[in-house]
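attaching a predicted model along with its sequence, questions to come.
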Amino acid sequence: MLHVLHVVGARPNFPKVAPIMRAMARRPAAFRQTLVHTGQHYDQRLSDVFFQDLALPQPDIYLGVGSGTHAQQTARIMLAFEEVLLHARPDLVIVVGDVNSTLACALVCAKLGVRLAHVEAGLRSFDRTMPEEINRVVTDQLADLLFTPSPDADANLLREGIAPERIHRVGNVMIDSLLQALPLAAQRPILAQLALQPRTYGLVTLHRPANVDDPAVLQPLLTALEQIGRDLPLIFPVHPRTRQRLADLPPLPAGLRLIEPLGYLDFLQLTRQARLVLTDSGGLQEESSVLGVPCLTLRSTTERPITVTHGTNRVVGTQPDAILAAAAEVLSRPLPAPARIPGWDGHAAERVVEALLRISA
């Protein structure tokens, strides 16, 4: 039996780990699982509600590291996770995505000689100013097994000198969660609660420090959103970090409607019925593509280029003129068809499990 220790830390991790844990639970003779929550996201709206919506088991171990600078947070996770590994002695640690918890736990595994698998490996924005890019690159160099979502990720890893036998393309585990949750999301009354009709609103998310920490960047973004909101009301579930920054700016216009962060199912229902998504998130680029919702990525790069070449995503940057022109063009066209990307089929987690069974046989 393989003892697998899963790490989650922040909101984007939960829908990636949930399907893997379910797939392993169907093989109780092959896997024993331990779930560690680092507490990188500790707000109930960013953490606890996701466990409920995704039917994730409660963590076996909660580290409670909280917020801080990147260095502080990473260091606290490393110190606490080292004690976990020394006590639990798993056969394999699985980390997902690109948050600080991913990097911190990967470093501890490397130092202690514990085998490490990285799910969602190989994604690259080629922008080293993004903290997530550093996390991705370093984690991939340390991982023993790299589970990738798409061909471009394989190519990136090979270019960086990763041995081919360490690379396993399995598809997108986050889409496993999305497809399984769609029927439940469709029953959520969030549109009625917000007095919305399908396809009559846009959805906004902004949380990346490069966009929200500098008023010289954030204010022009808000100006562009204000103009779009005159014709298409925009719903803006506000990340706690972003809300702090908005408090220092003038009141937002009526066309930009701020609401509290949402759980997974409510947010999925709001996304699938939107006419347009404007975001600086990574995962939302993927989700909107699979749902057939146009997405404008408010960044200059994306680590998910397949959402541009095969999906509904456009990378438009942060300049108001470019955002407004792209929005006008998108809104003048019919809704696109949902993306059909190989491996984004609801069975990626099963392929992760099958690969682990082959490797450990």
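That came through fine.

which stretches of the stretch 151-300 of the chain form helices?
151-159, 173-186, 190-193, 209-212, 215-229, 240-246, 264-272, 283-291 (DSSP state H, counting those that start in this stretch).

need these in a markdown table with mean pLDDT and mean neighbour count, can you?
To be clear about C-beta, it is placed using only N, CA and C from the backbone, and glycine gets the same treatment. What follows is those, written out as a markdown table (pLDDT from 0 to 100; neighbours: other Cβ atoms under 10 Å):
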| stretch | mean pLDDT | mean neighbour count |
| --- | --- | --- |
| helix 151-159 | 98 | 17 |
| helix 173-186 | 98 | 21 |
| helix 190-193 | 98 | 14 |
| helix 209-212 | 90 | 17 |
| helix 215-229 | 93 | 17 |
| helix 240-246 | 84 | 16 |
| helix 264-272 | 97 | 22 |
| helix 283-291 | 98 | 25 |
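
can I get those in CSV with distance to residue 353?
Below are these laid out as CSV (distance: least, Cβ to Cβ, whole Å):
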stretch, distance to residue 353
helix 151-159, 19
helix 173-186, 11
helix 190-193, 33
helix 209-212, 35
helix 215-229, 41
helix 240-246, 35
helix 264-272, 22
helix 283-291, 21
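
quick one: closest of those helices to residue 39.
Among these, the nearest to residue 39 by Cβ to Cβ is helix 240-246 (14.5 Å).

what's the closest one packed up against?
Under the contact definition 3 or more Cβ pairs under 8 Å, 6 or more residues apart in numbering; DSSP states H and E, helix 240-246 sits against helix 209-212, helix 215-229.

contact partners of the shortest one?
Helix 209-212 is contacted from outside by 129-131, 206, 217-218, 221, 241-242, 245, 280, 298-299, 318, using Cβ atoms under 8 Å, 6 or more residues apart in numbering.

hmm, try it at 10 Å
70, 127, 129-131, 206, 217-218, 221, 238-239, 241-246, 280, 298-300, 318 (Cβ atoms under 10 Å, 6 or more residues apart in numbering).

now stretch 110-126, how far from the centre of its chain.
16 Å (Cα atoms, centre = their mean, to the nearest Å).

so what's the residue count around residue 302?
Using other Cβ atoms under 10 Å, residue 302 has 21 neighbouring residues.

do the one 4 residues further on as well
Residue 306 is surrounded by 23 other residues when neighbours are defined as other Cβ under 10 Å.

and the one 10 residues further on, by the same measure?
Neighbourhood size, residue 316 [other Cβ under 10 Å]: 22.
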